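fold the following and give me the result.
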Amino acid sequence: MEFPVTFLPPLVRTCTDSGEGPWNELLGIIAPDDPDEETFLAAFDVVTENLFDGWTADRVVAFALDDGLATHHPLLFVVDERTLVDDGFPIVAADLRQDPGRTFRIAAADLWSVENNVATANMEFADYADHAELQPDRIFRGFC
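Just a heads-up that it's a prediction; the model follows:
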């Protein structure tokens, strides 16, 4: 099995049994249908194959690293069961290059910040991960 080919950093869903309601609500936050011109958006490709159904985020990240995904993308995002049930839809962000395998959770509304800044080397993955680790819930919800 190989990691599916994506042109943008992959967003992998690992829990298809959680229903489409929460999934669609999450997508509405991270990829709104009608964003205004001032809205920042994350660039990602949804991995639609059910290859990863039931996997933990750590297992997806380890597989991606073993499969060489880092040669194509600096980041990987994982939507697991916790993402779809917790407040703010905290997505797992994984570093594939600088500190391979390091992860943290990011509120869906702030996904654009990590993807935009890490992909363009404007900020380091560690800047976000370190900040998330200082939060009581260990979720990145912006720097303010």
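
and the closest residue to Cys15 other than its chain neighbours, what does it touch?
Once flanking residues are discounted, Cys15 sits nearest to Glu81: 4.4 Å by CB to CB, 6 or more residues apart in numbering. All C-beta spots, glycine's among them, are computed from the backbone N, C-alpha and C. Applying CB atoms under 8 Å, 6 or more residues apart in numbering, we find Glu81 in contact with 14-15, 18.

ok, Glu81 to Asp110 distance?
From Glu81 across to Asp110, the span is 20 Å (CB to CB, to the nearest Å).

again with Thr71
For Thr71, the distance to Asp110 (CB to CB) stands at 27 Å.

with neighbour numbers in mind, choose between those two.
Between Thr71 and Asp110, Asp110 has the larger neighbour count (other CB atoms under 10 Å), namely 23 against 8.

tell me the confidence at the more buried one?
Looking at Asp110, its pLDDT stands at 96.

same question, Val114
Note on Val114: pLDDT of 95.

surely it touches Ile91?
No: using CB atoms under 8 Å, Val114 is not in contact with Ile91, being 9.2 Å away.

circling back to that earlier point, who wins for neighbours among the contacts of Glu81?
Within these, neighbour counts (other CB under 10 Å) peak at Thr14, which reaches 23 neighbours.

distance-wise, check that residue relative to Leu41.
Distance of Thr14 to Leu41, given as CB to CB: 23 Å.

do the same with Gly101
26 Å.

likewise Asp80?
In this view, Asp80 and Leu41 are 22 Å apart by CB to CB.

and the closest residue to Phe40 other than its chain neighbours, helix, strand or coil?
Spatially, and ignoring its direct neighbours in sequence, Phe40 is nearest to Trp112 (4.4 Å; CB to CB, 6+ apart). Using DSSP: H, G, I helix; E, B strand; the rest coil, the three-state assignment for Trp112 comes out as helix.

which residues are in contact with Trp112?
The contact partners of Trp112, by CB under 8 Å, 6+ apart, come to 30, 40-42.

am I right that Val92 is in a strand?
Yes: counting by three-state DSSP, Val92 is located in a strand.
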